[in-house]
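Q: below is the sequence, then the predicted model.
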Amino acid sequence: MIADEGLAWVFSAWFSALAIASAIGAIRAQNAADRVSYAAHVVMLAVMAIMPWHWFMVVPGVVWIVVFCVAAAGYAVLALGRPGVVVGPGAGHHASRLVAWYHVAMMLGMVWMIALMELLEAAGTQVVTPLGAGASAGHDHGVRAPDGSGTLEVPPLWHLPLWAIGLTYLVAAMFAIAAIWFLAQLHSAPRGTRRGEALPARVELVVGAAIAAGMAVSYFVMS
């Protein structure tokens, strides 16, 4: 969840737009693997769009963990058995085993994000609201000063064990690198939509980069 309502709306709009782009890809996809891949991204991005809001927790985290573990397993099957299959969004004309494994990592990144939210909620430390008032909740942005004079700004992630902090930074770094990689492919991407592609290659790469960048930032804004 995000304490700042304005920022929460920005994140919701960002991921909603990407979900719409993925839905268009799912409709236009010409093979089952690509169609399911786009659909999986629609679910993922819809979850990210509603994640900033407190009512996201209405659905138990374990449900989403199972959903994204199944998606990761599906991509792993493609990576092992069909390394050249196009798995959008993001692959475009760069379909390869590496891109398929990235999608595995992306879905596992979603698993860790949900698990991280559960860990932060279990920590039950102090939350700072947009107005600066403290409130007891799962996602904290501060702790009480020793003299009780106010709330010190301390990232809630720092209240977790070192392994959880390290894993969070590692996954965020993976998404940041992926965003850069997708953007770097734009110079060699063909213009227009080629036969068999759900979306133009350049659109694929921009969507892939936008998803990766949004995921990287989300790890820190939502925690």
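A: Yep, that arrived. Numbering: from 1, shown residues only.

Q: pLDDT weak spots in this protein?
A: Low-confidence segments of the chain, defined by pLDDT under 70: 1-3, 83-96, 124-155, 189-196, 222-223.

Q: list the helices and strands the lengthiest helix in it packs on?
A: Longest helix in the chain by number of residues (criterion: DSSP state H): helix 97-123. On a contact count with 3 or more C-beta pairs under 8 Å, 6 or more residues apart in numbering; DSSP states H and E, helix 97-123 meets helix 32-50, helix 61-81, helix 162-184, helix 201-221. The C-beta positions use only the backbone N, C-alpha and C, and glycine is treated the same way.

Q: make TSV out of the ones you listed and add mean neighbour count and distance to W14.
A: As requested, those are exported to TSV (neighbours: other C-beta atoms under 10 Å; distance: least, C-beta to C-beta, whole Å):
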stretch	mean neighbour count	distance to W14
helix 32-50	20	8
helix 61-81	17	19
helix 162-184	16	13
helix 201-221	21	6
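
Q: out of these, which gets nearest to A21?
A: helix 201-221 (5.1 Å; C-beta to C-beta).

Q: for the residue nearest to H103 when sequence neighbours are not counted, what are its contacts?
A: Using C-beta to C-beta, 6 or more residues apart in numbering and skipping the chain neighbours, the partner closest in space to H103 is Y75 (4.3 Å). Neighbouring residues of Y75 by C-beta atoms under 8 Å, 6 or more residues apart in numbering: S37, V87, A100, W101, H103, V104, M107.

Q: got the end-to-end distance for stretch 43-59?
A: Using C-alpha to C-alpha, to the nearest Å, the end-to-end distance of stretch 43-59 comes out at 14 Å.

Q: residues touching it, excluding its own?
A: Residues outside stretch 43-59 that contact it (C-beta under 8 Å, 6+ apart): 1-2, 7-8, 11-12, 14-16, 18-19, 22, 64, 67-68, 71, 106-107, 110, 113, 117, 121, 211, 214-215, 218, 222.

Q: distance between that stretch and the chain's centre?
A: 11 Å (C-alpha atoms, centre = their mean, to the nearest Å).

Q: what do you get for stretch 98-112?
A: For stretch 98-112, the distance to the chain centre is 10 Å (C-alpha atoms, centre = their mean).

Q: can you list the neighbours in contact with that stretch?
A: With C-beta under 8 Å, 6+ apart as the test, stretch 98-112 has contacts from 37, 40, 44, 47, 64-65, 68-69, 71-72, 75-76, 78-79, 82-83, 85, 87, 90-91, 167-168, 171, 174-175, 178, 211-212, 215.

Q: list the buried residues for that stretch?
A: By 16 or more other C-beta atoms under 10 Å, the buried positions in stretch 98-112 come out as 99-104, 106-112.
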